[in-house]
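K.L.:
A structural model of the following input is requested.
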Amino acid sequence: MIFTAVFTNLLLGLGSTTAIWIPAMFLGGLFIPFINGSNQAIWQAKVPPDLQGRVFSSRRLIAWLTNPISPIIGGTTADYLLEPMMKSQSNGFARLMEPAFGSGPGSGMAVLIFLCGFGGILAGLSGYFVRWVRDAEDILPDHDATPVTNPDDQTKPDLIPNN
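P.N.:
Below you'll find the predicted structure:
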């Protein structure tokens, strides 16, 4: 996640030509299969097969729930906050950001993309400092590591007592 944030968002925000944007997108996209593959392997090892459909669909719903919301928030922030702020030279934020992002059209969006990349780096680094995130693969038992008392007994236990 850190490499993707660095190569994609930071370079997209700082770059002003397609000669920078295309390699940035390519380099950022190289790491996504490794991130997704590792993540999916951990989930498949930890979740019992009979629950994987429900767990994975819930996980996908939560992850994709923000897809229609984030462009609205990002576009509104860029159009009504960052673009006007970058055009105005009277504030310290614009003077600080102007050497890297300029002050013309699109500079507010460039700042937003750059800040999202910085946020991605912080999110990735925070996983290294939070033990239960960093060691999740070791802390959680695999679904097939549960002890079996009688492997010959194929009946399911009666969970509802007959009274």
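K.L.:
buried residues, stretch 51-70. List them.
P.N.:
Applying a neighbour-count criterion of 16 or more other C-beta atoms under 10 Å, one finds nothing buried in stretch 51-70. Glycine gets a C-beta too; all of them are placed from N, C-alpha and C.
K.L.:
right, and Gly15 touches Ala24 too?
P.N.:
Yes: with contact defined as C-beta atoms under 8 Å, Gly15 and Ala24 form a contacting pair (6.3 Å).
K.L.:
these two: which has the busier surroundings?
P.N.:
Taking other C-beta atoms under 10 Å, Gly15 and Ala24 do not tie; Ala24 has more neighbours (22 against 17).
K.L.:
nearest residue to that one in space, please, no chain neighbours.
P.N.:
Leu11 (3.6 Å; C-beta to C-beta, 6 or more residues apart in numbering).
K.L.:
same thing with Lys87?
P.N.:
Leaving out its chain neighbours, the residue that sits closest to Lys87 by C-beta to C-beta, 6+ apart is Ser103, at 6.0 Å.
K.L.:
list the contacts of that neighbour.
P.N.:
Contacts of Ser103 were listed using C-beta atoms under 8 Å, 6 or more residues apart in numbering, and they are 86-87, 89, 94.
K.L.:
element containing it, please.
P.N.:
For Ser103, there is no enclosing helix or strand under DSSP states H and E.
K.L.:
tell me the spacing between it and Arg95.
P.N.:
Distance of Ser103 to Arg95, given as C-beta to C-beta, to the nearest Å: 10 Å.
K.L.:
residues shared between the contacts of these two?
P.N.:
Joint contacts of Ser103 and Arg95 (C-beta under 8 Å, 6+ apart) are Gln89.
K.L.:
what ranges of the protein fall below the confidence cut-off?
P.N.:
For the chain, the stretches with pLDDT under 70 are 1, 146-163.
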